Structures are given as structure tokens and as C-alpha cells.
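Engineer: got a predicted structure here, sequence first:
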Amino acid sequence: HLLGGVAKIEGEARRPAHEILIAAAGPAVSLLLAGVFLAAAAVFGLAALPGEIVLLYLAASNLVLAIFNLLPGLPLDGGRILRGILWARSGDRRRATIRAARGGEFLAYGIFALALLRLLDPSGGFLAALFPALMGWFLLSAARAEKRRAELEGLGLAAGVRGLETLLRMMGRPAAFRGFVLRPRPVQPEAHDGDDGEVIRLSGGRELYTGRPSGSNRAHE
């Protein structure tokens, strides 16, 4: 689109190392292309062939693109690398996403400031400020979307736990709740009573274990 291309990923990385490697692939390709075009420009220059200026421009463009994408803020690749590092340190992907998205917001504000300076510059004007303003708007919108999604994931987890507790109360077992574990198993949705509690098999092969209110204080898993 107007601001460049974007990568489409089928799913989120499951490990911090995967996040870092996937995010680093794009800037690595840009740096590789910059080196290839620079070497080609040197060969063209020594051979006095036309096209050296074009190759130098392509080398510089890829170098600038790599440096920009490595800035530490989501949704840039550098922000995803930062999220992977924070995720590895804290073990909390959601919190790492929020912190990396804040970095993206700060970057967007910096680009907005650059656009304002170019607008106030007599040699710049509206057209010179338009592109950085659009870039800042894109980064700010994307960073806020990443942060909001991470915040909603946290709210959804808490709401899910409260919903399960409410479900057990509606089933008439307010004292039966000892805890629950969702386990992937290739079974169909059904419910049956076990020897020491009830097993509710949910869709997707997940199972909800509830303990009976009588006697045993053992947590059912």
C-alpha cells in the first residue's frame, strides 16, 4: 500500500526465540539486499557501466528500511524483537506486548514531531510533512491496536475464570469448586460422573473437572 508492504503471519509465535527469529528475518533480508546492491554498484563503477546511481539508491533504500524496521516499537520488526526479549525475561507474553506497543506509541509521537518540524520549515511545507505524518498515524494506530488486543486477552482470561465459577454455581454445586484444568484430549463433548467428582467434557476435547463437596479436600486436576 502507500506506506509499503506488510507481512502476513498465520499465527502468533509460541516461544520468545521464535518471535525474535521471525521478526529479524525482514531486516536481515533488507541488509542483505543493501550489501548486494552496494557490491553491484562498485562493480558497475569500476567497469564504467551505466546504472551505478540506481544501484546506490537501492542499496541506501534497503539500508534505511532495515534501520527503520529495527526501531524498538510495535508493529515494527524491532518492536517484535523487543517483545521477544521482554517475553523471555518475564515469561509473560501479554505484558511484553503492552510494553513493546508503548514503544511504538513513543516512536509515532517522535515521527509526528518530525512532521511538525518539516511543516514549519520554510523549505519543507505541507507536502514534505505529509508522508511522516501518515507514517506516524499508521504506527500509532497499529501500536494501540496491539496494546488493546493484549489488554483484552487479559480481561478475557479473568472473565473466563469468573464464568466457570458462575457455571458451577448455576449447576447447584457452590461448594464443589476446587479448581479446574483444561486438557486437550480427542473426545466428543459430553458429561459424566467420575468416582470422586464430575467430568464435563467441553468442545475441542477439553475437560473440566469438579470435585464433590463431600468429604475429600483434595484438589481435583
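Structural biologist: Looks like it arrived, so ask away.

Engineer: use CA for all of it now, contacts and neighbours both
Structural biologist: Will do.

Engineer: isn't residue 69 right up against residue 77?
Structural biologist: Yes. With contact defined as CA atoms under 8 Å, residue 69 reaches residue 77; the gap is 5.3 Å.

Engineer: what sits in contact with each of the two?
Structural biologist: Residues touching both residue 69 and residue 77 (CA atoms under 8 Å, 6 or more residues apart in numbering): residue 27.

Engineer: and the gap between residue 105 and residue 118?
Structural biologist: To residue 118, residue 105 is 20 Å away according to CA to CA, to the nearest Å.

Engineer: which one's more surrounded, the two?
Structural biologist: For residue 105 versus residue 118, neighbours defined as other CA atoms under 10 Å are more numerous around residue 105 (24 against 20).

Engineer: got the contact list for the more buried one?
Structural biologist: Applying CA under 8 Å, 6+ apart, the residues near residue 105 are 73, 139, 140, 143, 144.

Engineer: likewise residue 66?
Structural biologist: 26, 27, 28, 30, 31.

Engineer: select only the buried ones of the residues you listed in ChimeraX?
Structural biologist: Here is the ChimeraX command that selects only those of the contacts of residue 66 that count as buried (16 or more other CA atoms under 10 Å):
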select :26,27,30,31
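
Engineer: can you map out the strands along this structure?
Structural biologist: Listed in chain order, the strands of the chain (DSSP state E) span 190-193, 197-201, 207-211.

Engineer: below-threshold pLDDT in the chain: ranges please.
Structural biologist: When residues are selected by pLDDT under 70, those of the chain lie in 1-4, 154-221.

Engineer: how about the helices in it?
Structural biologist: With helices called from DSSP state H, the chain shows them at 16-46, 52-69, 77-90, 93-120, 126-170.

Engineer: sweet, I'm off.
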